[in-house]
Structures are given as structure tokens and as C-alpha cells.
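> Need coordinates for the following:
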Amino acid sequence: MSRRLVPWLEGALRVFRQDVIQLVVGFNGILLVFVLPTLLLGLVGQLSVQAPPFEVSVLGTPDRAYREVYDEFVALLRDISTVEVDTRPEQTLDPLGELRAGEIDLLINLEAETPREWVMYTAEDSRRNLESVKQLAAGLERALRVIEAPDSEWGAEFGALGTFTPRQMFAYYPRALDRTTDIVAGTLVLIICFLPFVLAAPAFIREREAHTLEVLLAAPGIDGRAVLVGKWLFVVVVTMAELLLLMVLIQSLYGIQIKPGFLSMVGMFLPAVLATTLLGLAVSILARTQAQAGMASALYLLAIPLLTGFLLPLDASSVLIRGLSLLFPLTAVVPVFKSWAVGADPGGAYGPALGLLLAQCVVYGVVAFGALRYAIRRI
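Okay, here's the model as predicted:
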């Protein structure tokens, strides 16, 4: 029996040795299997390292009878470590414009004589941010009651800040609190920003393994540029068709209506798909095996939710994480599309997001063309 096992074990060891050699050849396997996962795990500690402060503006001058209440209320705001306060003596007739222009989280407009009629406005269109602002507004509303009448029944309940719905706060985009809308919109963006990478990553590896890349390059009128553009065009067309299908689906199932600005959203998704496709093609050219391409796809899927603000807010992360987030199209697309999905106008964020996506297209295009030229010279 032992004599029969020896040849079998020797054969298994030879297969094992061959797979190890394929893994480490060219350093690509070591990079994908050992180096990048280690770096990604090290970056997780840089997520959510600081809580961003709330920007609060108090606009208007109180009636003389409530001047003391106003002063105590503003002092309370300034004592909160997570709040930055700005006060101005003039009320505003355009709270939404003030909120957008100053990137303010909560605007308190003294629109009447009594504190019970001071109105709080917010234009937050992110569920996470709107929930936080709602809790802050609830606590401030209760604090106003206590300051106004310290001996009333409100004083005994002051410790329960943020546990009730504020009645003096007006949210311009209340649908942002809908968890279904938030999850569905975020998932759609995640699919569209990941699908091109999955389609592109094995593209050139299949050609090399089937020995058809040399045949394509030898055909009349086909060079490396034509091959790259052809594969890029296939991925883009398939992904954009998938986007239209998903848009119809979320309207039918979840009531996220196609509204003004839809063409702008398509115009933003297109460069995101282009950039992701070029990145996937670059990986496909540099990878040597299907296993390496699969590992790269898995790492990309793991990295984009962690490093783009999809799961945790970027403004609470370290400078390193915010810098790395600029490498991923998802970073630019998620906040703009979620804002559009809840009915907000993402106009102020649309231009910078589009600029970032176009810059990614240029960078990843240069990398993909450079990698292809290097690969062709080695054929």
C-alpha cells in the first residue's frame, strides 16, 4: 500500500510546485495575493478616524424680550464640540440658497418673535447626514424649551436630547431618510462601477490563452490600438445597456422616478464606465493568468465600498483615504446619483465629479495603452 502512495504523493508535489511557480512568476501573483490585501487591511484603520463638525448658521436678530434666551442658546451651540456656529443679524428669505452657498448643515432662521417659531432648515440629501442633523435639531429644539422656561416640565426631560422628531425643522429633501431609496441607489452605482472591471479583466487573458491575440494583431487593419478600443467598446455598450435596464427596474419596483437631470446622470455614468473599463483592461494586460484577474476583481470589489465613502463617510476618514478615493469612479458617482434620486439638484457637485471622472479616464487610458504597447513588444 505504501509503495502505491509514493508515486501519487510525488505527482501531487510536482503539481503543487508548478502552481507555486505560476503564482510567483513575474511578481504579479505575489502582488495580488499577498501585498495588496495586506495594504488594504492596513488602510481600514484609517477609516472614520474623526467626526466632522456640523456647520450651523443662526440668522436674524431676536426680539428684545428673548435676547437673553438667544444669547444662552448660541452659547450652548458654541459649547458643543462637534458644532461650528456662525451668526448673522440678518434673516434670509432664501434658506435653500444659503444652505447651498455656505455648505451649511443646519440653518436656524429667526422668522418670528418667540423661540418656538424659530425655524430650522436643512438641505441634506444623504440619509446618514440627514439623520444626524435631525437628531441635532431635536436636541436644540428641546434645549430652547428648557432655556425659555427652565422651571417647566421640559427641564426634567432635557437628558433625552434627540429622542423625538423636531417640529421646528424643515427638510428640503425628506426622502433622503428612506432607507430603501438610499440602498437601491447605492447598489445601482456599485453594480455599474464594478461590472466593467469584471468584463474587462479577463479580456486579454482569454486571447493569450487561446493564442488568438497574435492572429488579431496580424490581421489587416488591426493593431494594438484597434484591439484595445474594440474590447473597450464592447464593455461600455454592455454596461450602459445594463444601466438603462436597472433604471427601468428601480422605477418600476421602488418608485425612484426618472426625473429632470436624467441625461446628466447618464452623462456622468459614461465616463465612470470608461474609466473603470480602461482600468480593467490594464489589469487584463498585466495579469498572466485567469486566477490573477479573478483576484484583482475580488480586491477591487472589496476596495471600492471601503475607500470611496460608500460605507463610511470620507470626511470622517484620514487624508490618505481621501486621496486614495480619487482613484475610484464610485467616489464621484455615488453622492451625485443619490442626491438626484431623492429629488435634490446636484448641480454644485456635478461639475467637480465630472472633472474627476474625466481625469481618471485620461490616467487609466495612458496606463492601458502603455501596458498594451509593452505586451505587444514581448510577443
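
> count of residues packed around residue 81?
8 (other Cβ atoms under 10 Å). Where C-beta positions appear, they are placed from N, C-alpha and C, glycine not excepted.

> same thing with the one 5 residues further on?
For residue 86, the number of neighbouring residues by other Cβ under 10 Å comes to 12.

> Show me what secondary structure element comes after whichever strand or helix holds it.
Per DSSP states H and E: residue 86 is located in strand 83-88. Moving toward the C-terminus from strand 83-88, the next helix or strand (DSSP H and E) is helix 95-102.

> how far is the strand holding residue 86 from where the chain is centred?
28 Å (Cα atoms, centre = their mean, to the nearest Å).

> Please apply the same query to stretch 252-267.
That offset, for stretch 252-267, works out to 18 Å (Cα atoms, centre = their mean).

> ditto for stretch 109-121
On the basis of Cα atoms, centre = their mean, stretch 109-121 sits 35 Å off its chain's mean C-alpha point.

> Same question for stretch 302-321.
With Cα atoms, centre = their mean, you get 8 Å for stretch 302-321.

> what does stretch 94-102 give?
Distance, centroid of stretch 94-102 to centroid of chain: 24 Å (Cα atoms, centre = their mean).

> Could you list the buried residues of it?
Neighbour counts over stretch 94-102 (16 or more other Cβ atoms under 10 Å) mark 95, 98, 99, 100 as buried.

> want to try TSV for the residues you listed, with pLDDT as columns?
Below are these laid out as TSV (pLDDT from 0 to 100):
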residue	pLDDT
95	94
98	92
99	92
100	88
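
> Pipe those into CSV and attach distance to residue 65 per row.
Shown next, in CSV, are those (distance: Cβ to Cβ, whole Å):
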residue, distance to residue 65
95, 24
98, 26
99, 29
100, 33
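
> quick one: the strands in the chain?
54-59, 83-88, 106-109, 119-122, 169-171 (DSSP state E).

> and the ones you listed, which is most packed in?
strand 106-109 (a mean of 23; mean count of other Cβ atoms under 10 Å).

> counting contacts, what elements does that strand pack onto?
strand 54-59, helix 95-102, strand 119-122, helix 127-148 (3 or more Cβ pairs under 8 Å, 6 or more residues apart in numbering; DSSP states H and E).

> Quick check: which of those is nearest to residue 39?
Evaluated with Cβ to Cβ, those place helix 127-148 nearest to residue 39, the distance being 26.7 Å.

> how far does the closest one sit from the chain's center?
For helix 127-148, the distance to the chain centre is 27 Å (Cα atoms, centre = their mean).

> now the angle from that helix to strand 83-88?
70 degrees (axes from the mean of the first three to the mean of the last three Cα atoms, to 10 degrees).
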